[in-house]
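[1] Structure, please.
(one chain, ligands or ions: 1)
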Amino acid sequence: MSDSRISIISAMAANRAIGIRNTLPWQLPEDLKHFKALTMGHHIVMGRKTYDSIGKPLPGRDTVIVTRNADYAVPGCLAVNSLDAALTVSHGDAEVFFVGGAELYRQALSIAHRIYLTEIQRVFDGDAFFPEFDTSQWIETARDKHRTEGPNGFEYHFVIYDRK
Ligand SMILES: NC(=O)c1ccc[n+]([C@@H]2O[C@H](COP(=O)([O-])OP(=O)(O)OC[C@H]3O[C@@H](n4cnc5c(N)ncnc54)[C@H](OP(=O)(O)O)[C@@H]3O)[C@@H](O)[C@H]2O)c1
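    This is a model prediction of the structure:
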């Protein structure tokens, strides 16, 4: 059991795309700042494929990598073989963030208390998608609207959903 708040954090396009060829489909520095501000000082739990796309532990955070490979090890990171084990190694943290990718989100949705979702109001090509979730189980508690600069700018919303 964990007494941490379990949060998911993600950014998704209007077609729910979150990734393509193991990288992000867009460049949105404001979202990276938002991610950094929320996760700083906390445990961030990620699937092994997302870790591969980042390639290093993120400074100021405890990086927990979930893999089925029992021999997996990366200096400066914690490697675990289940979501339960990720919560166990994050024990004592007030908030633990599941930061992707799609396979991890699908599993974390059933245990999460909160979802921080950046809803990008444009379609992007993708091969990884944020799972559909039952909105009747969640309440939108914040929506901050922003827009990128320039003629091809697009809106993106920082949204928080809390489990009812
Ligand atoms: N837009 C966003 O906010 C965002 C955030 C993060 C990632 N992404 C994107 O998402 C994509 C990657 O997502 P993905 O779904 O392909 O992969 P992923 O969820 O990052 O990683 C999947 C891997 O995690 C491990 N894993 C998953 N569940 C497990 C479990 N229950 N027990 C043990 N290990 C488990 C397995 O690793 P092994 O194969 O090593 O066993 C599996 O292959 C990339 O395109 C990335 O850029 C987007």
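[2] Now do the strands in the chain.
    5-12, 17-19, 43-47, 62-66, 78-80, 95-98, 114-120, 128-129, 138-147, 155-163 (DSSP state E).
[3] Can you lay out those as a markdown table showing mean pLDDT, mean neighbour count and distance to Lys56?
    From N, CA and C alone the C-beta is placed, and that goes for glycine too. Formatted as a markdown table, the strands of the chain follow (pLDDT from 0 to 100; neighbours: other CB atoms under 10 Å; distance: least, CB to CB, whole Å):
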| stretch | mean pLDDT | mean neighbour count | distance to Lys56 |
| --- | --- | --- | --- |
| strand 5-12 | 98 | 21 | 18 |
| strand 17-19 | 98 | 23 | 18 |
| strand 43-47 | 98 | 24 | 12 |
| strand 62-66 | 98 | 22 | 9 |
| strand 78-80 | 98 | 19 | 14 |
| strand 95-98 | 98 | 24 | 17 |
| strand 114-120 | 98 | 20 | 22 |
| strand 128-129 | 98 | 20 | 20 |
| strand 138-147 | 98 | 12 | 28 |
| strand 155-163 | 98 | 17 | 25 |
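[4] could I get those strands as CSV with distance to the ligand?
    Converted to CSV, those look like this (distance: least, CB to the nearest ligand atom, whole Å):
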stretch, distance to the ligand
strand 5-12, 4
strand 17-19, 2
strand 43-47, 2
strand 62-66, 4
strand 78-80, 8
strand 95-98, 9
strand 114-120, 7
strand 128-129, 4
strand 138-147, 16
strand 155-163, 12
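[5] Tabulate those strands in JSON lines, adding columns for distance to Ala86.
    Listed next are these as JSON lines, based on distance: least, CB to CB, whole Å:
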{"stretch": "strand 5-12", "distance to Ala86": "10"}
{"stretch": "strand 17-19", "distance to Ala86": "19"}
{"stretch": "strand 43-47", "distance to Ala86": "4"}
{"stretch": "strand 62-66", "distance to Ala86": "5"}
{"stretch": "strand 78-80", "distance to Ala86": "5"}
{"stretch": "strand 95-98", "distance to Ala86": "8"}
{"stretch": "strand 114-120", "distance to Ala86": "16"}
{"stretch": "strand 128-129", "distance to Ala86": "19"}
{"stretch": "strand 138-147", "distance to Ala86": "22"}
{"stretch": "strand 155-163", "distance to Ala86": "19"}
